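Asks: pasting the sequence and the predicted model now:
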Amino acid sequence: MSDKTNRPIGIFDSGVGGLSVLRAIRTQMPSVPVIYLGDQAHVPYGPRRLEEVQAFSEEITRFLLAKGTKLIVVACNAASAAALKYLRQVFPEVPFVGMEPAVKPAAEQTRSRVVGVLATPATFQGALYASVVERFAKDVTVMQDICPGLVGQIEKGELDTPQTESILRKALSPMLNGGIDTVVLGCTHYPFVIPLIERIVGPGVRVIDPAPAVSRQAQRLLQQNGLESGLSSRKPPVDYYTTAVAESLQRLLPDLLGESGKVTALHWSNSKLCE
């Protein structure tokens, strides 16, 4: 096995949302080493300007590449919408996997022809989302909600509290009244509240978590680029980084991932990431 295949995958998000993608990758490829970076100093990315998210994403990518990563997963819908195309232009030699709202499978599987999408403003305003809806959901009614405050609740670890439930009920009630039978989660934070969403929408509504499909795409890209690690039963620990206080991420890991880990704090200085 070459040194190249032993190198880690890099995963980044504005906060803890990308841990839902990390969880899927740990299930799909348990022996692959991973570096995870949560830019919690700037969470959420959703309301931020395009150029700002591109600048954050570029610097985070440089940091992860300096750590020897062989593939980078942009585990953030807002960053994917704002910066994925830009990152591929700046780093043409690097394989990237991004997030795309799972409108296509929703449109293919809906029986009522009405689907709901929960996402942040940056995702809804991005060309990627518009393109996906135009290509795959022309004959489907798509109902949207930005769930104000939900990312903040999940960042605090409040996955099943009255306030979190209130945010989701406000978003989902009009959709249920509109006849949805499918809900697309267009933000990587949202899979952590799937049990609460399922309780609100009931068994007749399918909830689509995009993380497993992203994990499969990452594995395909590793195979295509000759970077897949050999099979091993060893599950290496994840290297976690945050741009906020290390404890703020560390305390959430057991609840969100079912495992703990060491978190290293970084800080932004003159638009650069510093350890």
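Replies: Looks like it arrived, so ask away.
Asks: could I get the full set of helices for this structure?
Replies: Counting by DSSP state H, the chain has helices at residues 3-6, 19-28, 50-66, 77-90, 103-109, 121-125, 127-136, 150-155, 162-177, 194-201, 211-224, 246-250, 253-257.
Asks: worst average pLDDT in those helices?
Replies: For the helices of the chain, the weakest mean pLDDT is recorded on helix 3-6, namely a mean of 74.
Asks: distance from the chain centre to that one, please.
Replies: Averaging C-alpha positions (CA atoms, centre = their mean, to the nearest Å) puts helix 3-6 25 Å from its chain's average.
Asks: list the buried residues in it.
Replies: Buried residues in helix 3-6, counting neighbours by 16 or more other CB atoms under 10 Å, are absent. C-beta here means a position set from N, CA and C on the backbone, and glycine is covered the same way.
Asks: show me what that helix is in contact with.
Replies: 33, 70, 226, 227, 228, 229, 230 (CB atoms under 8 Å, 6 or more residues apart in numbering).
Asks: state the distance from the fourth one to residue 29.
Replies: Separation of residue 227 from residue 29 (CB to CB, to the nearest Å): 11 Å.
Asks: which residues does the closest residue to residue 243 other than its chain neighbours contact?
Replies: Of all residues not flanking residue 243 in the chain, residue 41 sits nearest, at 3.9 Å (CB to CB, 6 or more residues apart in numbering). Shown in contact with residue 41 (CB under 8 Å, 6+ apart): 243, 244, 267, 268.
Asks: got a list of what the first one touches?
Replies: Looking back up the chat, that one is residue 243. If a contact means CB under 8 Å, 6+ apart, then residue 243 has 37, 38, 39, 40, 41, 42, 265, 266, 267, 268, 273 as its contacts.
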